[in-house]
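> my questions concern the predicted model and sequence given below.
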Amino acid sequence: MAGLPIPTFDDGTEVDSFLERLECYFAVSSTENAKKVPILLMGLSAGRYQTLRDLVSPAVPQSVGYDDLKLSLQSHFGEPRNMRLEHTRFRSIIRQNGESFTDFQIRVRKGARYCNFGDRLDENLLEQFISGVNHSGLSKKHTEDTRITTLAGAMEVAGTVQLLDGDSRAIAATTPNVVARVAHKGGAISNYNTFSASNTRKGQKTSKTVTCFRCSKPGHVASDTSCPARSKICNHCKEGHFAGSRFCRKAKNKKSTTVNAIADDNAATPDGITTMTGSPSAVDNFSHEFTVGHRLTLGKGTPTCTASMAGISVTFLVDSGAVDNVLDRQTYDILRNSVVLQPTTKKLFAYGQCAPLRMLGQFNLNVSVDSKTVNATFYVFDGIACNLLSAATASSLGLFCLTNVSSLSTEASLESVVKDKYPGCFLKKGMRFVCVLT
C-alpha cells in the first residue's frame with residue numbers, strides 16, 4: 001500500500017510498542033517476508049540503527065534474519081521484568097485527587113500489562129479498580145453489587161457517579177466558599193454576662209448574651225423599665241442614657257470622624273510604597289495591617305493584586321493573616337498544563353469554620369509582580385472562591401510590610417477634661433479620685 005508511513009523507533013518509544021505497530025504495518029500493506037528486514041531498518045532512528053549494528057557486529061543488519069533482529073532489539077531495549085515486582089506495582093495503583101475514573105482505569109490496565117494474569121485478568125483488573133478508586137461511595141456500591149464482574153461494568157457505574165458529582169459541584173458553585181479572613185468592624189466583642197430565657201415552644205432554657213445600650217450593663221435590654229439610665233438626659237441627643245453609651249446616635253456620628261487608616265499620597269518611599277497609618281483601634285478591629293503601594297488595589301477595603309503565573313495573569317486577595325496561598329479550581333484549570341499537582345494532607349479551614357476545606361492538591365510555581373519573582377507553594381481548593389495570597393508571599397513580592405501604627409485622632413473623655421480644667425476639685429484617695437465640693 002503506497003504512501004503508508006512506516007512506524008518509527010526512536011528515543012522515548014518502547015520497543016514492544018514499535019514492534020506491534022510494525023506488525024500491523026506488515027499486515028495492512030501485505031508485506032512479503034523478504035522486505036520485512038529493510039522496512040524494519042528504515043523505521044529505526046540513526047541512533048537506534050547504530051546500536052543495532054553494534055549488536056549484530058561483525059555481521060551487517062541487512063544480512064540478519066527478521067526474527068533475530070527483533071530478538072536483539074527486545075533484549076537490548078526491553079526492560080527486564082520481575083513478576084513479583086510487577087504484581088507489587090500493580091497492587092499499589094491508587095486514584096489521585098482530581099484524577100478521572102477513565103484515566104485511572106487506563107493506569108490500571110497499563111499496570112497489568114506485564115503481570116501475566118492470564119484467565120484471571122478481568123478479575124484482577126476489577127479488584128484493583130475497586131480497591132484503588134479512592135471514592136468511598138463508589139467502592140461500597142461496587143462491593144455490594146455482585147452483578148459487576150468486569151472492569152467495563154464497574155466503569156458504567158463510575159460514569160454515573162461522576163456525572164452526579166459534577167452536578168453537585170455545579171450547584172455548590174452558586175454559593176462559593178470564600179477563603180478569606182473576616183474583620184469585625186465594631187472591635188472585639190465583649191464578654192457579656194448571660195441570662196437564661198425560657199423557650200416556650202420546646203420548654204427548654206437557652207442561654208442568650210445581651211447588654212443594655214443605655215447603661216452598658218449586662219442582664220437586661222434597653223427597653224427594660226428598670227434600667228437606671230432611662231431617666232437620665234444625654235447632653236448630646238437629649239435621650240435617656242448614660243454618657244458614652246452606644247445608644248447615643250450623635251456620639252456615633254462624632255466617633256465616625258476618626259479614620260481607621262489613610263494613605264498619604266505625598267509620603268511615598270523610594271520603592272513606590274505608600275505608608276498607611278491608623279489608630280490603635282484600627283489594628284485591633286481589622287484583619288489587614290500593611291502598607292499599600294501602587295501594586296495593590298483597594299476595592300471596598302479589600303486589598304487585591306494581579307500577579308503573573310506561568311505567563312497568565314491571576315488576581316489575588318492579599319490577606320495579612322493568611323499563612324498559605326490558595327487557588328480555586330477554576331484558576332487551577334487555567335494553569336493545569338503548566339504545573340504538576342501533588343497530593344496534600346494539609347487541612348485548611350475557612351474563617352470560623354470547623355470542617356476543613358476540600359483540597360485537590362498542591363504545587364510549586366513562580367509568581368511575579370512587576371520585577372519581583374518568588375517561588376511559592378499553592379494549595380488548590382475544590383470550589384469557586386477568591387484566590388488568596390499569604391502574608392509571607394505578599395511580603396516577599398514587596399506588596400506590603402508591617403508598619404508602626406500611630407494614633408490619628410483621639411477624643412478625650414468628659415472625665416479627663418473636667419479633671420484637667422478643675423484639678424483643685426479632685427483629691428486622689430488610694431486608687432480613686434474623689435470630687436470635693438465647697
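Looks like it came in fine.

> who's in contact with stretch 222-231?
212, 213, 214, 215, 220, 240, 241, 242, 245, 247 (C-beta atoms under 8 Å, 6 or more residues apart in numbering). Just so you know, the C-beta spots here come from the backbone N, C-alpha and C atoms, and that holds for glycine as well.

> wasn't the fifth one part of a helix?
It refers to residue 220. No. Under DSSP: H, G, I helix; E, B strand; the rest coil, residue 220 falls outside any helix and is assigned coil.

> that one: what's it in contact with?
Applying C-beta under 8 Å, 6+ apart to residue 220 gives the contacts 210, 212, 226, 227.

> try 10 Å this time
Residue 220 makes contact with 195, 210, 211, 212, 214, 226, 227 under the criterion C-beta atoms under 10 Å, 6 or more residues apart in numbering.

> max pairwise distance over the residues you listed: which two?
195 and 214 (17.0 Å; C-beta to C-beta).

> which of these two has more residues huddled nearby?
Remark: of residue 195 and residue 214, residue 214 carries more neighbours, 25 against 12, as counted by other C-beta atoms under 10 Å.

> returning to what we had before: quick one: which of the contacts of stretch 222-231 is nearest to residue 97?
Out of these, the member with the shortest distance to residue 97 (by C-beta to C-beta) is residue 213, at 50.5 Å.

> that closest one: neighbouring residues, count only.
Neighbour count of residue 213, defined by other C-beta under 10 Å: 17.

> test my guess that residue 116 contacts residue 84.
No. Taking contacts as C-beta atoms under 10 Å, residue 116 lies outside contact range of residue 84: 11.5 Å.

> what about these two, which has more around it?
Neighbours were counted for residue 116 and for residue 84 using other C-beta under 10 Å; residue 116 has more, 12 against 7.

> residue 12 falls within a strand, correct?
No. Looking at residue 12 with three-state DSSP, it is coil, so not inside a strand.

> okay, it: pLDDT?
Listed pLDDT for residue 12 reads 79.

> same deal with residue 380?
The model's pLDDT for residue 380 equals 92.

> how far away is it from residue 125?
30 Å (C-beta to C-beta, to the nearest Å).

> now residue 146
Using C-beta to C-beta, we find residue 146 at a distance of 17 Å from residue 125.

> between those two, which is the more surrounded one?
Between residue 146 and residue 125, residue 125 has the larger neighbour count (other C-beta under 10 Å), namely 22 against 7.

> got the contact list for the nearest residue to the more buried one once chain neighbours are set aside?
Excluding its sequence neighbours, the residue lying closest to residue 125 (C-beta to C-beta, 6 or more residues apart in numbering) is residue 151, at 4.4 Å. Counting by C-beta under 10 Å, 6+ apart, residue 151 touches 105, 108-109, 112, 121-130, 158.

> count of neighbours near residue 393?
Using other C-beta under 10 Å, residue 393 has 23 other residues around it.

> just residue 380 next, same as before
Residue 380 is flanked by 25 other residues according to other C-beta under 10 Å.

> surely it meets residue 334?
No. The pair residue 380 / residue 334 is not scored as a contact, 11.7 Å apart, by C-beta under 10 Å.

> what distance do you get for the closest residue to residue 339 other than its chain neighbours to residue 235?
Closest residue to residue 339 apart from its sequence neighbours, by C-beta to C-beta, 6+ apart: residue 363 at 4.2 Å. Residue 363 sits at a distance of 62 Å from residue 235 (criterion: C-beta to C-beta).

> between these two, who's got more neighbours?
Remark: of residue 363 and residue 235, residue 363 carries more neighbours, 20 against 10, as counted by other C-beta under 10 Å.
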